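> Based on what follows, work out the 3D shape:
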Amino acid sequence: MITRRELFLALGAAALASPLSSLAQPATKVWRVGFLALPNRPAALDSHYLGAFSQGMREFGYVEGKNLVIEWRFADNDVKRMAGLAAELVQLKVDVLVTASNDGALALQKATATIPIVIVSAGDPVASGLVKSLPRPGGNITGVSTLNIDLGPKRLEMLLGMAPKVSRVAVLVNPSNQSTIKTLASIQAAGLKLGVKILPVEAQSPQEIDHAFSLMREQKAGALIVVLNPLFQQQKNQIAELAAKHRLPSMTADRVYPEAGCLMSYGSNLADSIRRTAVYLDKIFKGANPGDLPVEQPTKFELIINGKTAKALGLKIPNSLLVSAEKVIE
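The predicted structure is shown next:
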């Protein structure tokens with residue numbers, strides 16, 4: 001039979017052993033990520049394309065409130081604010097920086113040469129000077145390229161396939177976006193080959209978007225291409241309504257536009273590209289050097305067509321586009 005003294009000693013030993021064993025357990029590492037975004041903060045982040053980042057991180061076991069902190073910074077579509085926000089994130093000494101815009105990538109590059117940066121760039125990261133090459137980026141930057149510039153001519157061809165009688169095409173651009181110039185140039189070069197007049201129209205605010213459509217009417221544009229830009233994505237409903245009002249068949253770079261009522265979109269799925277950045281962060285957290293991780297290029301491009309908008313515009317969807325479409329919205 002155990003004595004009271006033996007029981008007391010046993011309980012005392014257990015009490016001492018418990019805190020010692022807990023001290024021996026390594027604390028779970030909490031990773032801090034800074035995310036620099038150009039648009040306004042969405043009302044519901046999880047349902048926004050930027051919310052795909054958190055979803056991707058969860059797939060790798062990184063959960064906010066458990067082992068992950070995401071420091072979000074939104075520039076409210078003001079490129080001039082990017083430098084200050086980038087510096088702010090660097091001062092927080094985050095483990096990795098992420099951005100989904102070319103302007104954000106350039107701002108982060110200027111802010112630090114040591115903290116790893118993972119990008120989802122709408123432009124050409126090599127031409128922008130962000131990386132030395134796609135296979136061997138070098139430095140502290142890697143990520144995903146959306147090939148938006150290279151797809152400009154293809155988007156024009158598809159738009160003309162839907163509206164073959166059009167001879168004047170407006171291109172809505174945000175001049176504050178550095179990749180816009182090259183994207184516009186690629187569309188203009190394609191327009192020369194196809195015998196189509198390209199009409200650049202600029203906008204940097206919702207009010208300027210209204211004015212841009214008035215200019216399109218004055219210039220007798222017969223169709224519209226919307227260059228990929230966070231402001232335009234934020235104002236997708238406004239753009240869709242104005243395109244319908246002015247009866248302009250519209251080609252865009254992301255599926256959120258035809259889902260809002262624009263005619264069509266062609267490009268990689270931006271939410272999927274943002275979700276893919278989690279692959280890079282997981283590797284960096286495990287010790288990989290960002291300069292050794294190849295920049296990934298999308299291999300799948302989706303064509304989304306709004307069939308209701310086509311009917312409203314009196315357009316017939318050609319079989320060549322129907323068979324290629326990922327989705328036709330009816």
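
> Once you drop chain neighbours, what's closest to Pro200?
Val171 (5.3 Å; Cβ to Cβ, 6 or more residues apart in numbering). C-beta here means a position set from N, CA and C on the backbone, and glycine is covered the same way.

> helices and strands around the helix or strand containing the one you found, which ones?
Element membership of Val171 [criterion: DSSP states H and E] is strand 168-173. The contact analysis (3 or more Cβ pairs under 8 Å, 6 or more residues apart in numbering; DSSP states H and E) places strand 168-173 against helix 152-162, helix 180-194, strand 197-202, helix 206-218, strand 223-226.

> What is the last one packed up against?
The one in question is strand 223-226. Applying 3+ Cβ pairs under 8 Å, 6+ apart, we find strand 223-226 packed against helix 152-162, strand 168-173, strand 250-252.

> out of these, nearest to Trp72?
Ranking the helices and strands packed on strand 223-226 by proximity to Trp72 (Cβ to Cβ) places strand 250-252 first, at 25.4 Å.

> The closest one - which strands sit beside it in the sheet, and in what orientation?
Strand pairing for strand 250-252, using DSSP bridges, gives strand 223-226 (parallel), strand 264-267 (parallel).

> Pop the domain breakdown of the protein in here.
Domains of the chain are assigned by automatic domain parsing as 31-146+270-292, 152-267+302-329.

> Adding mean neighbour count and mean pLDDT as columns, could you present the ones you listed in JSON lines?
JSON lines is the format used below for the domains of the chain (neighbours: other Cβ atoms under 10 Å; pLDDT from 0 to 100):
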{"stretch": "domain 31-146+270-292", "mean neighbour count": "19", "mean pLDDT": "94"}
{"stretch": "domain 152-267+302-329", "mean neighbour count": "19", "mean pLDDT": "94"}
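
> Is the residue nearest to Glu208 when sequence neighbours are not counted bridged to anything, and to what?
Distances taken as Cβ to Cβ, 6+ apart place Glu202 nearest to Glu208, at 7.2 Å, with adjacent residues excluded. Here Glu202 sits in beta bridges with Val173, going by DSSP bridges.

> any idea how far Glu202 is from Val227?
10 Å (Cβ to Cβ, to the nearest Å).

> Identify the contacts common to those two.
Common contacts of Glu202 and Val227, defined by Cβ atoms under 8 Å, 6 or more residues apart in numbering, comprise 173-174.

> show me what contacts the residue nearest to Glu208?
So Glu202 contacts 173-175, 208, 212 (Cβ under 8 Å, 6+ apart).

> just to revisit the earlier point, for the helices and strands packed on strand 223-226, which one sits closest to Gly143?
helix 152-162 (21.1 Å).

> Not counting sequence-adjacent ones, nearest residue to the residue sitting nearest the centre point of the chain?
Taking Cα atoms, centre = their mean, the centroid of the chain lies closest to Ala100, which sits 4.3 Å from it. Excluding the flanking residues, the one nearest Ala100 by Cβ to Cβ, 6+ apart is Val120, at 4.3 Å.

> Over to the one you found: give its phi and psi.
With angles defined as degrees, to the nearest 10, Val120 sits at phi -120, psi 100.

> on that earlier part again, okay, the helices and strands packed on strand 168-173 in JSON lines with distance to Lys66 next?
JSON lines is the format used below for these (distance: least, Cβ to Cβ, whole Å):
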{"stretch": "helix 152-162", "distance to Lys66": "42"}
{"stretch": "helix 180-194", "distance to Lys66": "40"}
{"stretch": "strand 197-202", "distance to Lys66": "45"}
{"stretch": "helix 206-218", "distance to Lys66": "38"}
{"stretch": "strand 223-226", "distance to Lys66": "39"}
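
> Please enumerate the helices of the stretch 1-150 of the chain.
Counting by DSSP state H, counting those that start in this stretch, the segments of the stretch 1-150 of the chain that form helices are 4-24, 52-59, 82-91, 102-111.

> same deal with the stretch 201-330 of the chain?
Under DSSP H, counting those that start in this stretch, the stretch 201-330 of the chain gives helices at 206-218, 230-234, 236-245, 256-260, 270-285, 307-312, 319-322.
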